[in-house]
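1. here's my sequence, what's the structure:
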Amino acid sequence: MEARAVVRYIWFPPRKMRKVVDLVRGKAVDEALATLRFMPGKAPVYIGKVINSAAANAEHNQGLERDGLFIKKILVDEGPIIKRYRPRARGRADVKRRRTSHITVVVAERKEG
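-> Reported below is the predicted structural model:
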């Protein structure tokens, strides 16, 4: 049995998010949340919320125990790029690209034996 949670359109670049995601992939849910709690920046906060949501979905919808859950799959995909313009010298404009992310987390029960 497995459960998933998806959060979309986060205003945070996927490249920075993937660095954090690589540290928690394959870990137990509680261990991953403890790792994220002591990391600096905004990315661990967003990722922690999605992992908590996936664990809650597993408990509520499938009736799984939270202690036996691990992160089976975690993906960070690129969302739409929001474009803003910034004035520059001599009447020109630069495009400022605000990248967005989609995070998908799949948690599953670890098989004993």
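2. from here on, just use CA atoms for contacts and neighbour counts.
-> Noted.
3. packing partners of the helix or strand where residue 44 lies?
-> Here residue 44 sits within helix 43-57, counting by DSSP states H and E. Helix 43-57 sits against strand 2-10, helix 14-24, helix 29-37, strand 101-109, with contacts defined as 3 or more CA pairs under 8 Å, 6 or more residues apart in numbering; DSSP states H and E.
4. what about it, distance to the chain center?
-> How far helix 43-57 lies from its chain's middle: 7 Å, per CA atoms, centre = their mean, to the nearest Å.
5. now the angle from that helix to strand 101-109?
-> Orientation check (axes from the mean of the first three to the mean of the last three CA atoms, to 10 degrees): helix 43-57 against strand 101-109 gives 40 degrees.
6. check which element follows helix 43-57 along the chain.
-> Per DSSP H and E, the first helix or strand lying C-terminal to helix 43-57 is strand 69-78.
7. quick one: that following strand to helix 14-24, angle?
-> 170 degrees.
8. ok, residues contacting strand 69-78?
-> 13-14, 17-18, 21, 24-29, 55, 99-110 (CA atoms under 8 Å, 6 or more residues apart in numbering).
9. list of residues touching the helix or strand that that strand is followed by?
-> Using DSSP H and E, the next helix or strand after strand 69-78 towards the C-terminus is strand 82-87. If you take CA under 8 Å, 6+ apart as the criterion, strand 82-87 is touched by 93, 94, 95, 96, 97, 98, 99, 100.
10. ok, the nearest residue to the first one once chain neighbours are set aside to residue 11 distance?
-> In space, not counting the residues next to it along the chain, residue 93 is nearest to residue 87; the distance is 4.6 Å by CA to CA, 6 or more residues apart in numbering. As judged by CA to CA, to the nearest Å, residue 87 and residue 11 stand 22 Å apart.
11. the more surrounded of those two?
-> residue 11 (15 against 10; other CA atoms under 10 Å).
12. nearest residue to the more buried one in space, please, no chain neighbours.
-> residue 100 (4.6 Å).
13. pretty sure residue 51 is touching residue 5, no?
-> Yes. In this structure, residue 51 is within contact of residue 5 by CA atoms under 8 Å, at 7.5 Å.
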